[in-house]
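**Student:** Here is my input; please provide its structure:
(one chain, ligands or ions: 1)
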Amino acid sequence: MQIYLWKCYDLMIDKFKLKDSNTFCMLPFMHIYGSAGGDMVPCCEAQEEPLNNPGETAIESWNNNNYRELRQALAEGERHPRCEVCWHNEDAGIVSNRQQWEHDNWKDFADKIAVNSDYSVNNPPYWVELKVSNFCNLKCIMCSTHSSYKRVKDLDIITKYTTDGYETRLLRPTSLFESLNKWPDLWDTVHTLQFTGGEPIINQEHYDLIAGIPESVKANIKLRYASNLSYIKFKKYDLVEIWSKFKHVNIKVSMDGIDDVYNYIRQDGDWNTVYENMCILNDIPTIDVAAGITVQAHNIFQMPEFYDFWKKSNVNLSFITANILQTPRYLSPALWHGEYRDAIIKKLRAAESRHPEMNRFATYMENTQRNMRDYAKMRKYTRDIEERYNPQIKLKEMVKRYLKINLENMTEVNRLLQEKGPVD
Ligand code: SF4
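**Tutor:** Predicted coordinates for the structure are as follows:
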């Protein structure tokens, strides 16, 4: 096994002192995140600017000037601008990604990190997290083109309501993936290999990377996926067979509802297929399935039924992660107004004794300012998408089914916008 000594300094930094810094983050010391375009970036929250310099391989980047500068700043109490999302969340009183990581993982990795006085590290990354591309088989109603290239076809609609922040290229991380497979002995020490997308299971790069991992070390590596699980067999690949070689696999299945709401939001997806695949994986002892949902305007009214479903299901979910949608703002669950807002909050509160998570969703709605302009945007965007794709169920029918209220028509929406102004 290669020993990862970039430099041998007499003076190494006491890593336990690093934690005294109130901006310390363990990620750049033991983790790499690969963006859809193949850049190395600090984490999923800080993807704007690459840490790798042009032409560098992954191993060359790991202790380059950008990594060392970021580590030093975080270890010396400086709020590095790359990490703006964490500072913003902490100032808003929300647990940030860096705080969550430290809470969940520091004890497992502290002894394995070796930091030199110039903030190079002697250890390789133990946690490799890779976005496989922005290519996805689905085009979810709230997704940006950063996560699903298929949404490029809807840019004529999207750009009517959001003028910037979209990606028109099909991104491929091929060179980074090749570079990782050439990093000597990297896989000998990797603890967790994590894939996100786009959709990992339909991207060839994902299979090529896995094929490059020596058979002898697969049993030491945990795999984690964020996947829509539309497939457990893809082309010549049998995922259950591939995953059986690894120590453990966790699949967080991206879903934004069950049944009709799932099919409405996750365009081109099929709820029955996904649930069937989850049932198959549920019976395999080394595989855990979990659910990841984005709570938004088009599913907030189904949340009690969603949690009820998983309580009764034979699929034993290891966890449900529920993120409340922040962008685009006009699809936030909080924008419902008047009787719709009251009915949603009442429904969530009534389910609180069965599902404590409902309190978080209801509190968010109660505390977030309503905005009639965003509500009108949601209704117009929804109308445009429904006209284009003619889904089996429409928003009007979902509101009727889940809230027992008739949805007002667009004439009424425009009248309210005139009457109440942009913000009510
Ligand atoms: S401080 Fe936050 S944004 Fe920066 S690397 Fe850590 S988790 Fe990511």
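**Student:** who in the stretch 51-200 of the chain is up against the ligand?
**Tutor:** 83, 85-86, 96-98 (C-beta under 6 Å from any ligand atom). No exception for glycine: its C-beta is placed from N, CA and C like everyone else's.
**Student:** Sort out for me which of the residues you listed are in helices.
**Tutor:** 85-86, 97-98 (DSSP state H).
**Student:** Show the subsequent helix or strand relative to the longest helix along the chain.
**Tutor:** The residue-count maximum for a helix in the chain (DSSP H) belongs to helix 372-389. Where DSSP states H and E defines the elements, the next helix or strand beyond helix 372-389 is helix 395-403.
**Student:** Does the next helix-or-strand element following that following helix pack against any helices or strands, and if so which?
**Tutor:** Following helix 395-403 in sequence order, the next helix or strand is helix 410-420 (DSSP H and E). Judged by 3 or more C-beta pairs under 8 Å, 6 or more residues apart in numbering; DSSP states H and E, helix 410-420 is in contact with helix 372-389.
**Student:** What residues sit buried inside the helix it packs on?
**Tutor:** For helix 372-389, burial by neighbour count (16 or more other C-beta atoms under 10 Å) applies to 372-386.
**Student:** Quick one: mean pLDDT for it?
**Tutor:** Here helix 372-389 scores 96 as its mean pLDDT.
**Student:** where's the residue of the stretch 101-250 of the chain found nearest the ligand, which helix or strand?
**Tutor:** The ligand sits closest to Trp101 of the stretch 101-250 of the chain, with a gap of 6.1 Å, by C-beta to the nearest ligand atom. Trp101 is part of helix 97-109 when elements are defined by DSSP H and E.
**Student:** Settle this for me: Asn97 is touching His31, isn't it.
**Tutor:** No - with contact defined as C-beta atoms under 8 Å, Asn97 does not count as touching His31 (11.1 Å).
**Student:** Have a look at the two and say which one is more surrounded.
**Tutor:** Using other C-beta atoms under 10 Å, the more surrounded residue of Asn97 and His31 is His31, with 21 against 18.
**Student:** Can you name the residues bridging to that one?
**Tutor:** Note on His31: beta-bridge partners by DSSP bridges are Trp127.
**Student:** Can you tell me which of the ones in helices among the residues of the stretch 51-200 of the chain next to the ligand lies closest to Glu305?
**Tutor:** Distance to Glu305 across those (C-beta to C-beta) is lowest for Asn97, with 30.1 Å.
**Student:** Show me what secondary structure element comes after the helix holding Trp101.
**Tutor:** Per DSSP H and E, the first helix or strand lying C-terminal to helix 97-109 is strand 115-116.
**Student:** What mean pLDDT does that following strand get?
**Tutor:** Strand 115-116 shows a mean pLDDT of 94.
**Student:** where's Tyr33, which helix or strand?
**Tutor:** In this structure, Tyr33 sits in strand 31-34 according to DSSP H and E.
**Student:** Let's see that strand as CSV, backbone CA atoms only.
**Tutor:** Below are the C-alpha coordinates for strand 31-34, written out as CSV (Å, rounded to 0.1, in the frame of the first residue of the first chain):
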residue,chain,number,x,y,z
HIS,A,31,-13.7,14.2,1.6
ILE,A,32,-13.9,15.2,-2.0
TYR,A,33,-16.9,16.2,-4.0
GLY,A,34,-16.9,15.9,-7.7
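**Student:** Looking at it now, give me its mean pLDDT.
**Tutor:** For strand 31-34, mean pLDDT is 97.
**Student:** residues making contact with it?
**Tutor:** Defining contact as C-beta atoms under 8 Å, 6 or more residues apart in numbering, one finds that strand 31-34 is touched by 27, 40-44, 47, 58, 62, 125-131, 173, 176-177, 180.
**Student:** strand partners of the helix or strand just after that strand, parallel vs antiparallel please.
**Tutor:** Of the helices and strands lying after strand 31-34 in sequence (DSSP H and E), the nearest is strand 40-41. With DSSP bridges as the test, strand 40-41 is paired with strand 31-34 (antiparallel).
**Student:** Need the contact partners of the strand ranked longest in the chain.
**Tutor:** Criterion DSSP state E: the longest strand present in the chain is strand 287-295. With C-beta under 8 Å, 6+ apart as the test, strand 287-295 has contacts from 142, 226, 229, 240, 243, 248-257, 278, 281-282, 299, 303, 306, 310, 315-325, 333, 361.
**Student:** So which of the residues you listed are in strands?
**Tutor:** Among these, the residues falling in strands (DSSP E) are 226, 248-254, 320-324.
**Student:** Give the full set of residues in contact with Lys153.
**Tutor:** Lys139.
**Student:** In terms of helix, strand or coil, where does it fall?
**Tutor:** helix (DSSP: H, G, I helix; E, B strand; the rest coil).
**Student:** Quick check, pLDDT for it.
**Tutor:** As predicted, Lys153 sits at a pLDDT of 92.
**Student:** which of the ones in strands among the contacts of strand 287-295 sit farthest apart?
**Tutor:** His248 and Ile324 (29.1 Å).
**Student:** residues near Ile141, how many?
**Tutor:** Counted with other C-beta under 10 Å, Ile141 comes out at 23.
**Student:** Distance check, it against Lys247.
**Tutor:** 36 Å (C-beta to C-beta, to the nearest Å).
**Student:** What ranges in this structure fall below the confidence cut-off?
**Tutor:** Within the chain, the stretches with pLDDT under 70 are 1-11, 421-424.
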